[in-house]
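Need a 3D model of the following:
(chains A and B)
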Amino acid sequence: MSPQTIDVNLLSLAPELVVILFGFIIMLMDPFFPYDKKRYLSYPALIGCCIAAVFTFVLHGKRIISFNDMIALDGYSTFFDYLFILIAILSILIACDYIEQERIMYGEYFSLILFATSGMMLMAKGINLLLIFLGLEVLSLSTYVLAGIMKRDLKSNEAALKYFLLGAFSSAFLLYGIALIYGTAGSIDIPGILKYLKGGFPSGVFLIGVALMIVGFGFKVAAVPFHMWTPDAYEGAPTSVTAFMSVGPKAAGFAAFLRIFISALLPIVSEWSGILWVIAILTMFVGNLAALVQENIKRMLAYSSIAHAGYIIIGIIVADELGGSALLFYLLSYTLMNIGAFTVAILLRKEDEGYEIMDYAGASVKHPLLSLLMAVFLLSLAGFPPTAGFMGKFYIFSAAVKKGYIGLALIGVINSAISVYYYLRVVVLMYMVEPRREFRPLKVGIFTSIALIISIWGTIQLGVYPSGVIDFARSVVGPLFHLPSNLGSLFSTKAF
Amino acid sequence: MELKGLPILSIVIFMPLVGSLPLFFIGKERVNLIRSWALFITLITFFMSLLLFFNFDQNSAEFQFQERIVWIHELGISYHVGIDGISLWLLLLTTFLGPITVLCSWSAITERVRDYMICLLILETGILGVFSSLDLFLFYVFWESQLIPMYLLIGIWGSYNRIYAAVKFVIYTMAGSLMMLVAIMYIYFYHNNQTGFFSMDILDLYKLYFPYHIQIVLFIAFFLAFAFKVPMFPFHTWLPDAHVEAPTAGSVILAGILLKMGTYGFLRFNIPMFTEASISLAPFMYVLAVTGIIYGALVSMVQPDLKKLVAYSSVSHLGFVMLGIFAFTVQGIQGGILQMVNHGLSTGALFLIVGILYERRHTRLISQFGGLSKVIPRFAAIFMIVSLSSIGLPGLNGFVGEFLIILGTFISSNPYSRIAAILAASGVIFAAVYMLWMFQRVMFGTITHEENKYLKDLNIREFAYLLPVLLFIIWIGIYPSTFLKPMERSVKEIVVTVEKKIDKSNVISEVDKKIFHYRR
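Here you go, the predicted structure:
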C-alpha cells in the first residue's frame, strides 16, 4: 500500500452507498408520482434502509481500514450504522402520515433523510478529521433543508435560517480547529494525531484547535453554551423533522466526538476533561431548569434534549471503556424514547399545529393507549425503572462514579430529580386534569403504529433486559482505546 | 430454595402484576367483574404468601426461598430474591393488606375503576419486590417503580388538592432515593476494587468493610432515601399532604406498607453495612426519632382533620420504630419490627375507619361529628379497639411493640439511650391524649349535626375487611410469640453482626466497647 495509490474498498462504505443510491432513486422517481401518491416514495426509502441494515449485518464483526486510513469499518461504526438506520427508519415511519396532513408531501423529504443518514454514518466511520467534517456537512445541509421544508410557514423558515446560520458558524469553528490541529500535528487522521501526542506534550496552538473542535461538536450535540439554536429550531421545524433532529445529528455528533477524543486525544485527557466537565454541568442545569417553564411540548422536549446531551457528555469525560459503552447505550435508549415521545406529540397535536402542554389535559380519557405510551416515554426520559432511560442513566452515572467523578454523578442525579417535575407535569395533565378541549378522532396509520411499537418495545426491553446491548456496546468501545499508531498491522485491508 | 419445584417467592411477588394484565382486556364498564378479579388476585397472593409462612424455617437466620437468576451478567447484576425473619413479616403484612385495600375501595372508587385496580396490583408487586430483593440493583428498581402507581393513586383518585400532593410525594421521595443511587454505585465499584468482581448481591456486599469516613458518607446517602420514606422528622412534610389527598386505599398502603420500606431499609442496609457509622450516629438518630415521636404527637393533638391527625400520629409511631432499631438490642429491634406490623394494622385500620366515615358524610373534620356512638354502635366498638391499639393499651398489639422498643432502648449500651427511652415513653402518654380526645369528640357527647342522626352502621363488606385486622390486633396483643419467634434468629444475627464489628472496630473507643459489653 503506497501513499500514491488510492486504497478503495467500497464494501467498507456499502451501507452509505446504499442509502445514497436510494436517495437518488427517490429523487428520480419523484416527478413521476402525482401529489396524492407521493407517500409511496417512502417504500423505496424504507427498502433502502433495510438493505443498508443487511449490509451492516453482513459486515458485522469485520474490521476494514480503507481509503488510505480515512474510513474505519469496525465494531464502533457498525453499532452506529445500526443506530442511524434505526433512526432513519423511525423518522420515515412517523413522517408519512404527518407530512401528508401538513401538506408538505415532497419526495425530497425521504431523499434528504437518507442523505443525512449517509452523512451520519460517515461521521461514525471517519478516522480522518476532514472526512468527519465532510459527513457533518452532508448531514447538516440535509437537515437545514428539512427544517425549512414547510416553505410557507414562517416558523419553519425561521427554524431553518437559525439552524443554518448557527450551524455554519459551528462548522467554521470545527474546520478552524481541524486546521490548527493539522498545522501543529502535521496530520489530520486519528493515528497521526495520536502519534504526535505520544511524542510529547502538544503546543498551545494544538490545544486551541481541540478547544475549537469542542465548540464545533458542542453546537451539533446542543451543549450549553452552544445550544441557543435548539429551542427555536426544534419548535419551528416540522415535528417529524424535529424528532429526527433531536436524535440523529446528536447521535452522529457524539459518535465523532467520542471517537476523536478517545482514540486520538486520550493522552491529553486532563487538558480537555475539565472543559467538558464544566460544559456537562452547565448543559444539564440549563436544559433542565429551562425545560421547567416551557409551555410548548416541542420546546420542552428541546430543552430536555439539551439536558440529555449533558448526561451523555459524562460518558466522554469518564474516558474509559465503561463510559464509552454507557454513552452508546444511552444514545440508543434516548433515541427510542425521544422519538416515541415526539410521535405521540405528533398524534395528539391540535389541528392548527398546536403543541401547548396544556392541550394534553385529560388526554387519557379520550386516548388511553396513546397517553399510556406517552407516560412511559416521559417516565423513561425522567429515568424511572424499569425503562431504558433508567438503565442508561444508571450506566452512565455509575461509569462516572467508578472513575471518581462522584460530584458529577451527584449533579447528574440532582438534575434527574429536577427533570422529573416537568416530565411528570405532562403525565399529571393527561391523567389528573379534566379535558379542556375536544380531542379529534384519530386514525393512527400503520406506519406510525409500527414506529410506536418499535419505540415502546425498545424502551421496555432495554430497561428490563439490557444485557445484549450492553455486551455489544462494550465489545465495540474497547478497541477505541488500543489504537496502535501503525494501523495496518492490526486491521487488514485484505479481509476482502 | 424452591417449594415443591415452584419458585414460590417469585410467584408471590409477580402474581399481582400478572394478575393485572387481564384487566386491560376487561371492558371498563364491567366494574364489578374488575373489582372481583382484583380481590381474587390479592386473595390468591395472600394465600400463596401463607405458604411461605408455613414453610419458613424459624430456626434459621439464613435467607430462605432464595432464587437467583443472572440478569445483566456484564454488570454482575442478578435477579436474587429471598426472605428472612424480618422481611417475612413485612411481606405478609403487604399481602394481608392487599385484599383489604381492594375491599375498602369497592364503593368508594367509582371512576376509572379498571385503571385504579391495575395501579393497586402493580403497586403490590413493587412493594413485595422491595421486601424480598437480595440484589441492591433489583432493590432499587422495585423501590423506584412503586413510586409511579402510588403517584397515580394519589393524583387521579385523590381529593381536591391531589396533584400538589402527588407531585410533592414523588419529588421528595425521588430526591432522597437518587442520593442512594449514587451511594449504591459507589458501593458497587468499591466491591469490585476489593474483590475483583462486579456484584450487586447484598450477601456479597455484607462482607465488605468500608473505612469509617466512607461509612459516614454512605450512611448519610442511604439515610436520606430512607428518612424521606419513613418519614423521620424533619423529612415528614410530604406525608400529611399525601395522606389527606390520597383515597382510603392509598392511605392504607402508604401508612401500612410504604413507610415501612424506609425502616426496613435502615435495618437491611444501614446497620449491617455501615455498622460503625450507625453506632456513632445513633445519638443523632435518637434525637430525630424522639423529636418525631413528640412532635408528631403534639401536632396530632391540634388537627381538626381526622386523616391529618392519623397521618401525624404515623410520624410519632414511626419514631418509635426508628428508636427501637437503633437501640442495637434484640428487644429493641424485635420491637421495632413488630411495631412496623402493628402500625400497619392499627393505622391502616384507622384510615379504613376514617374512610368509612368519609364515605358516609363526605367530610373528615372532627367538628362535624359528635355523638356517633349512639347511631352506629358497631362502628364505635371497632373504632374504640383500634384507637386503643394505636395508643398501646396492654392486651392489644401496640403495647407489645412499644414496650419492647422502650425496654430495648433502655438496656441499650448507648449512653444516650436511657434519656431517649424516657422521652419516648412520654410519647405514649401524648398518644393517649390525642387519640382519646379525638375519639371523645367524634363518638361521644350530643349529636350536633342533623345528618349524623341517619348514618348507616357497618355493612357486611366493611365488617369483612375490618374483622381480620382486629383479629391480628388482639392476637399480637395476647400472644406475640407467634410473631416474635420467626424473626428472632434474624434479629439476633443482626445484633451479633453489630457486636462483631464493634469488637473489631478501631474507630469505636475502648471505653465505649466496654460499656457495650457491660450492659449486655
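
Need the residue closest to the centroid of chain A.
A:Ala251 (2.4 Å; C-alpha atoms, centre = their mean).

check contacts around that one.
Under the criterion of C-beta atoms under 8 Å, 6 or more residues apart in numbering or on different chains, the contact list for A:Ala251 reads A:80, A:83-84, A:87, A:120, A:331, A:335. For the C-beta atoms, the positions are set from N, CA and C on the backbone; glycine is no exception.

after the one helix or strand it maps to, next one along is what?
Assigned by DSSP states H and E, A:Ala251 belongs to helix A:239-259. Sequence-wise, the next helix or strand downstream of helix A:239-259 (DSSP H and E) is helix A:269-292.

can you pull the buried residues of that next one?
In terms of neighbour count (16 or more other C-beta atoms under 10 Å in any protein chain shown), helix A:269-292 has its buried residues at A:269, A:272-273, A:276-277, A:279-288, A:290-291.

Now do the same for the residue nearest to the centre of chain A: its pLDDT.
A:Ala251 is assigned a predicted lDDT (pLDDT) of 94.

gap between it and chain B?
The gap separating A:Ala251 from chain B is 22 Å, by C-beta to the nearest C-beta, to the nearest Å.

can you pull the contacts of the residue of chain B positioned farthest from its centre?
Going by C-alpha atoms, centre = their mean, the residue of chain B most distant from its centre is B:Glu450, 38.6 Å out. By C-beta under 8 Å, 6+ apart, no residues touch B:Glu450.

strands paired with the lengthiest strand in chain B, and their directions?
For chain B, the strand that runs over the most residues, judged by DSSP state E, is strand B:64-72. Each strand that pairs with strand B:64-72, with its direction, by DSSP bridges: strand B:77-83 (antiparallel).

which outside residues touch the strand it pairs with?
Taking C-beta under 8 Å, 6+ apart as the rule, strand B:77-83 contacts B:9-10, B:13, B:52, B:56, B:63-71, B:91, B:129, B:131-135, B:137-138, B:200-202.

Next secondary structure after that strand?
Taking DSSP H and E, what comes next after strand B:77-83 is helix B:85-104.

residue contacts, B:Asn397?
B:338, B:341-342, B:345-346, B:389, B:472-477, B:480.

So how do I select the buried members of those in PyMOL?
Command for PyMOL, covering only those of the contacts of B:Asn397 found buried under the criterion 16+ other C-beta under 10 Å:
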select buried, chain B and resi 338+341+342+345+346+389+472+473+476+477+480
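
Now pLDDT too, for the contacts of B:Asn397, in CSV please.
Formatted as CSV, these follow (pLDDT from 0 to 100):
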residue, pLDDT
B:Leu338, 91
B:Val341, 91
B:Asn342, 91
B:Leu345, 91
B:Ser346, 90
B:Ser389, 91
B:Phe472, 90
B:Ile473, 91
B:Ile474, 91
B:Trp475, 91
B:Ile476, 90
B:Gly477, 89
B:Pro480, 88
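
pLDDT averaged over the longest helix along chain A, what's the number?
If each helix of chain A is counted by residues according to DSSP state H, the longest one is helix A:154-185. Helix A:154-185 carries an average pLDDT of 91.

now the angle from that helix to helix A:239-259?
10 degrees (axes from the mean of the first three to the mean of the last three C-alpha atoms, to 10 degrees).

Show me which positions of helix A:154-185 end up buried.
Those would be A:156, A:158-164, A:166-167, A:170-171, A:173-178, A:180-182, A:184-185, for helix A:154-185 by 16+ other C-beta under 10 Å.

where does the stretch 351-496 of chain A come near chain B, residue by residue?
A:379, A:384-386, A:390, A:394-395, A:397-398, A:401-402, A:406, A:409-410, A:413-414, A:416-417, A:420-421, A:424, A:428, A:431-433, A:465-467, A:470-471, A:474 (C-beta under 8 Å from any C-beta of the partner chain).

Put the buried members of those residues into a ChimeraX selection.
Buried members of these, defined by 16+ other C-beta under 10 Å, are picked up in ChimeraX with:
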select /A:379,384,385,386,390,394,395,397,398,401,402,406,409,410,413,414,416,417,420,421,424,428,431,432,433,466,467,470,474
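
who's in contact with the residue in the stretch 251-400 of chain B positioned nearest to chain A?
Relative to chain A, the nearest point of the stretch 251-400 of chain B is B:Met261 (15.1 Å; C-beta to the nearest C-beta). Taking C-beta under 8 Å, 6+ apart as the criterion, B:Met261 is in contact with B:127, B:130-131, B:143, B:226, B:229.

one more time with 10 Å
B:90, B:94, B:126-127, B:130-131, B:139, B:142-143, B:146, B:173, B:225-226, B:229-230, B:268 (C-beta atoms under 10 Å, 6 or more residues apart in numbering or on different chains).

Next: A:Tyr465.
For A:Tyr465, the contacting residues are A:386, A:391, B:71-72, by C-beta under 10 Å, 6+ apart.

go with 8 Å
When contacts are counted by C-beta under 8 Å, 6+ apart, A:Tyr465 touches B:71-72.

can you list the residues of chain B near chain A?
By C-beta under 8 Å from any C-beta, the residues of chain B that approach chain A are B:71-75, B:137, B:140-141, B:144-145, B:147-148, B:151-152, B:155-156, B:162-163, B:166-167, B:170-171, B:174-175, B:178-179, B:181-182, B:185-186, B:188-189, B:192.

out of those, which are buried?
Neighbour-count burial (16+ other C-beta under 10 Å) is assigned, among the residues of chain B next to chain A, to B:71-72, B:74-75, B:137, B:140-141, B:144-145, B:147-148, B:151-152, B:155-156, B:162-163, B:166-167, B:170-171, B:174-175, B:178-179, B:181-182, B:185-186, B:188-189.

Then B:Tyr209 would be within a helix, right?
No. B:Tyr209 is assigned coil when assessed by DSSP: H, G, I helix; E, B strand; the rest coil, not a helix.

Can you tell me the SS state at the residue nearest to A:Ile181 when sequence neighbours are not counted?
Counting by C-beta to C-beta, 6 or more residues apart in numbering or on different chains, A:Ile181 lies nearest to A:Gly209, which is 4.0 Å off, once chain neighbours are set aside. What three-state DSSP gives for A:Gly209 is helix.

mind showing which ranges of the chain have poor pLDDT?
All of this refers to chain A. A:1-5, A:351-353, A:483-496 (pLDDT under 70).

looking at chain B here, not the other one
Ranges of chain B meeting pLDDT under 70: B:1-4, B:506-520.

circling back: as TSV, the contacts of A:Ala251 with secondary structure and distance to chain B would be great.
Shown next, in TSV, are these (DSSP: H, G, I helix; E, B strand; the rest coil; distance: C-beta to the nearest C-beta, whole Å):
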residue	secondary structure	distance to chain B
A:Phe80	helix	20
A:Leu83	helix	19
A:Phe84	helix	24
A:Ile87	helix	25
A:Met120	helix	27
A:Leu331	helix	18
A:Thr335	helix	20
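
What subset of these is buried?
Counted by 16+ other C-beta under 10 Å, the contacts of A:Ala251 give A:80, A:83-84, A:87, A:120, A:331, A:335 as buried.

Now for A:Glu434, how many residues are close by?
The tally of other residues near A:Glu434 (other C-beta atoms under 10 Å in any protein chain shown) stands at 7.

Can you flag which of the contacts of B:Asn397 belong to helices?
B:338, B:341-342, B:345-346, B:389, B:472-477.

Make a markdown table out of these and add distance to A:Lys220.
Output for these, formatted as a markdown table (distance: C-beta to C-beta, whole Å):
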| residue | distance to A:Lys220 |
| --- | --- |
| B:Leu338 | 60 |
| B:Val341 | 57 |
| B:Asn342 | 60 |
| B:Leu345 | 59 |
| B:Ser346 | 60 |
| B:Ser389 | 65 |
| B:Phe472 | 63 |
| B:Ile473 | 65 |
| B:Ile474 | 69 |
| B:Trp475 | 67 |
| B:Ile476 | 64 |
| B:Gly477 | 69 |
